[in-house]
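Q: 3D model of this:
(4 chains)
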Number of protein chains: 2
Amino acid sequence: MTITMKDIAEIVGVSESTVSRAINNKEGVGQETRKEILKVAKKNNFQPNRLAQNLAKQETNVIGLLLPDIASLFYSDVARGVQDYATSQGYQVIVCNTDDDKEQEVNYMNWLQSNKVAGMIFLGGGLVNNQIVKLGLTDYPIVLANRLVEEVPLPSVIIDDTIGALKATEHLLDKGHDRIALLLGPNNSWQAQNRLQGYKRALKNRDIEYDQDLVIHKSWSREGGYQGFLELMELEEPPRAIFAADELMAAGVVEAIKLGGYFIPQDIAVVGFDDTVVTSVIDPPLTTVTRPMYELGERSAKKLLNLINEEEIKEEIEILESELIIREST
Amino acid sequence: MTITMKDIAEIVGVSESTVSRAINNKEGVGQETRKEILKVAKKNNFQPNRLAQNLAKQETNVIGLLLPDIASLFYSDVARGVQDYATSQGYQVIVCNTDDDKEQEVNYMNWLQSNKVAGMIFLGGGLVNNQIVKLGLTDYPIVLANRLVEEVPLPSVIIDDTIGALKATEHLLDKGHDRIALLLGPNNSWQAQNRLQGYKRALKNRDIEYDQDLVIHKSWSREGGYQGFLELMELEEPPRAIFAADELMAAGVVEAIKLGGYFIPQDIAVVGFDDTVVTSVIDPPLTTVTRPMYELGERSAKKLLNLINEEEIKEEIEILESELIIREST
DNA sequence: TTGTATGCGTTATCAT
DNA sequence: ATGATAACGCATACAA
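A: Below is the predicted model of the structure:
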């Protein structure tokens, strides 16, 4: 049913090579012939067979994106960034969900390679495994997005939560607060560590003593935020500023504050983390740290395409900073 | 760098066809030869070139998924369902974001065709345009997911919001409420129409008169829900049960109710719509209508693969029903 | 059991 | 300006 160059050649009465040249806008085809060929092609809705094309050219315009779960709010945003940039440059993206499973990851790596993708982006998922390092080092174009690599450096783009947490804390400091509570998830997580670090650094910059009692680890959830707030209120001198370093926790804190009859920000100021649809259900509009997720995708894609086209890479590791959006909760 | 069958053939000292047979687990290869070939293949990490493979076999194991935006909470869940089912059957998925733009859509359709995908799923995006119908009718495997088609029927899977709304209303009726408010977005939307219809049908089933005053159209947002509640409270006899047919609106309603000093569900019962991360920040846990988004993806993928493999399709149009999850807000 | 030959649809290198 | 031909890597029908 689908028409090929051979067919067109037959119809027009020329050779396949001439058809190929005409279709690909190359030199060396007569005015008339070219017009005729294009006419027939359009009329029959000719679509070149990419499989054959790629096989012959020994290259493709497809890149692979491996991530834990496309259904996650965070990753889907990044994915969109990757896709938009890639397609703007004539590339297509294949998204693979690994669920943080090493085996899945390796499977996909192999599959992508056998499909001769031009390169891959590895998004999230903790540490980089050896296979990736090996692949990336044997000059296969690979970019790491928000993912850590041990020892050997690979081209990567990451978001630094530390800066965001620093900005958030500084903002509250600027508002005149000197006792700022910090709500975090379990302290074994990389995220918690970074955000805590930013918080500490902000305090240190202002010569304010770090008070262990003001830092509370709960679960990354509404309930965690809720309970965290209750704990804070039991302190002798409860804080009047809270940095809830997670959006669900922030929602819980706001909830608890209002239920307690306090006003935001008059009685207690709140800064959250992340700015997704969850934030939109919080009232008052939340001052929050926002991570450039879409941009993370864009930059990663850009870096990968640069790598593929062997253009010069300015910085091996690119660091994006999270921003503070100031709204009405502080 | 990458090894081919030809290379293996040379190393082992057999012909390419023998290598092909061995690699593909086909009959007609001697014990020893096969073992030797596989050994060499494994040692050199041989990956068959899918481009060549697919070109030769004239088929691929890739399907295309066109949707408005992968970064949307709704669509990304569906996409995950498609991917999981597809990969479980040995297929890969290419996701294309169309942003509801007809032109983009057509571009992707062409691109996917020229990549010889085995089939496509069109998710969301309102009415189906003619190009799709044409493509689907000229026996190209196509499945419509939660998308409307005029006149000509195409294999499709849809979620019926009507049923969900009906169940939600019935549930409140069962709880003894006879004056149930309904909060909706702008009434020109397909969603609003369906949910209103389900609501009406539930009332009719119980011979309860439809009261126009109890149905309020606002924006699909927290603010819309909030304002809607305030309007309801101005009625002579405010309702004590509210069906907020959108998750953001539900969040706004709950917010407003609590600020008003009422208790849920003792004073006012609330049923929401959809069950995503947004729901998780609402307290008390919300009774809500949940749409089987993941399943929508799964079923669509399954139908498409059936189509591709020319198995019999039981029902041309498959209707999934939304379910009511009963929690503590009613 | 194994090898030979041909084709898949396109690109690219030669001739002409 | 155009055509013949080989090549891309693999599958497969047909011979041997």
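
Q: Point out where the stretch 1-150 of chain A drops to low pLDDT.
A: The stretch 1-150 of chain A contains residues with pLDDT under 70 at A:1.

Q: how about the residues of it near DNA strand D?
A: A:13-18, A:21, A:27-30, A:32-34, A:52, A:55-56, A:58 (Cβ under 7 Å from any atom of the strand). For the C-beta atoms, the positions are set from N, CA and C on the backbone; glycine is no exception.

Q: Which ones among these map onto helices?
A: A:Glu16, A:Ser17, A:Thr18, A:Arg21, A:Glu32, A:Thr33, A:Arg34, A:Ala52, A:Leu55, A:Ala56 (DSSP state H).

Q: Taking these, tell me the two that lie furthest apart.
A: Distances among those were taken as Cβ to Cβ; the most separated pair is A:Glu32 and A:Leu55, at 31.4 Å.

Q: The residue positioned nearest the centre of chain A: what's it in contact with?
A: The centroid of chain A falls nearest to A:Val78 when counting by Cα atoms, centre = their mean (3.2 Å). Taking Cβ atoms under 8 Å, 6 or more residues apart in numbering or on different chains, we find A:Val78 in contact with A:Leu67, A:Leu123, A:Ala145, A:Asn146, A:Met293, A:Tyr294, A:Leu296, A:Gly297, A:Ser300.

Q: do that again at 10 Å, thanks
A: A:65, A:67, A:70, A:72, A:121, A:123-124, A:145-146, A:157, A:159, A:291-298, A:300-301, B:71 (Cβ atoms under 10 Å, 6 or more residues apart in numbering or on different chains).

Q: And for it, nearest residue in space, chain neighbours not counted?
A: Counting by Cβ to Cβ, 6 or more residues apart in numbering or on different chains, A:Gly297 is the residue found nearest to A:Val78 once chain neighbours are left out, at 4.0 Å.

Q: I figured A:Gly224 hits A:Ile216, correct?
A: Yes: using Cβ atoms under 10 Å, A:Gly224 is in contact with A:Ile216, at 9.0 Å.

Q: Show me which of the two is the more surrounded one.
A: Taking other Cβ atoms under 10 Å in any protein chain shown, A:Gly224 and A:Ile216 do not tie; A:Gly224 has more neighbours (23 against 20).

Q: Contact partners for that one?
A: A:183-186, A:216-218, A:244, A:246, A:248-249, A:252-253 are the contacts of A:Gly224 under Cβ under 10 Å, 6+ apart.

Q: Could you pull out the strands in the stretch 1-150 of chain A for me?
A: A:62-67, A:92-97, A:119-123, A:142-145 (DSSP state E, counting those that start in this stretch).

Q: if I look at the residue nearest to the centre of chain A, how far off is A:Val106?
A: 22 Å (Cβ to Cβ, to the nearest Å).

Q: Around A:Ala269, how many other residues sit close by?
A: 22.

Q: Please name the bridge partners of A:Glu321.
A: Under DSSP bridges, the beta-bridge partners of A:Glu321 are A:Asp160.

Q: Reformat the contacts of A:Gly224 as TSV; add pLDDT.
A: Converted to TSV, these look like this (pLDDT from 0 to 100):
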residue	pLDDT
A:Leu183	98
A:Leu184	97
A:Gly185	96
A:Pro186	94
A:Ile216	97
A:His217	97
A:Lys218	97
A:Ala244	98
A:Asp246	96
A:Leu248	96
A:Met249	97
A:Gly252	96
A:Val253	97
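
Q: Restricted to buried residues, select those residues in ChimeraX.
A: To isolate the buried members of the contacts of A:Gly224 in ChimeraX, using 16 or more other Cβ atoms under 10 Å in any protein chain shown:
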select /A:183,184,185,216,217,218,244,246,248,249,252,253
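
Q: so can I have TSV of the contacts of A:Gly224 showing secondary structure?
A: Listed next are those as TSV, based on DSSP: H, G, I helix; E, B strand; the rest coil:
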residue	secondary structure
A:Leu183	strand
A:Leu184	strand
A:Gly185	coil
A:Pro186	coil
A:Ile216	strand
A:His217	strand
A:Lys218	coil
A:Ala244	strand
A:Asp246	coil
A:Leu248	helix
A:Met249	helix
A:Gly252	helix
A:Val253	helix
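
Q: and chain A, which of its residues are near DNA strand C?
A: A:4-6, A:16-17, A:20, A:23-24, A:46-49, A:52-53, A:55-57.

Q: Start and end of stretch A:60-79, how far apart?
A: Start-to-end span of stretch A:60-79 (Cα to Cα, to the nearest Å) is 20 Å.

Q: Stretch A:175-192 too?
A: Stretch A:175-192 end-to-end distance (Cα to Cα) = 24 Å.

Q: cool, stretch A:255-263 as well?
A: 11 Å.

Q: next one: that stretch to chain centre, how far?
A: What separates the centre of stretch A:255-263 from the centre of its chain is 34 Å, taken as Cα atoms, centre = their mean, to the nearest Å.

Q: same check, this time on stretch A:276-291
A: So, by Cα atoms, centre = their mean, the centroid of stretch A:276-291 is 19 Å from its chain's centroid.

Q: Tell me the buried residues in it?
A: A:276-283, A:286-291.

Q: do the same with stretch A:136-146
A: Neighbour-count burial for stretch A:136-146 [16+ other Cβ under 10 Å]: A:Gly136, A:Tyr140, A:Pro141, A:Ile142, A:Val143, A:Leu144, A:Ala145, A:Asn146.

Q: Equivalent analysis for stretch A:105-122, please.
A: Neighbour counts using 16+ other Cβ under 10 Å place A:105, A:108-109, A:111-122 of stretch A:105-122 among the buried residues.

Q: Briefly note if it comes near chain B.
A: Yes: contact between stretch A:105-122 and chain B, assessed by Cβ under 10 Å from any Cβ of the partner chain, occurs at A:Asn107, A:Tyr108, A:Met109, A:Asn110, A:Trp111, A:Leu112, A:Gln113, A:Ser114, A:Asn115, A:Lys116.

Q: nearest to B:Gly198, of the ones in helices among the residues of the stretch 1-150 of chain A next to DNA strand D?
A: Out of those, the member with the shortest distance to B:Gly198 (by Cβ to Cβ) is A:Ala52, at 51.0 Å.

Q: This completes my enquiry, with thanks.
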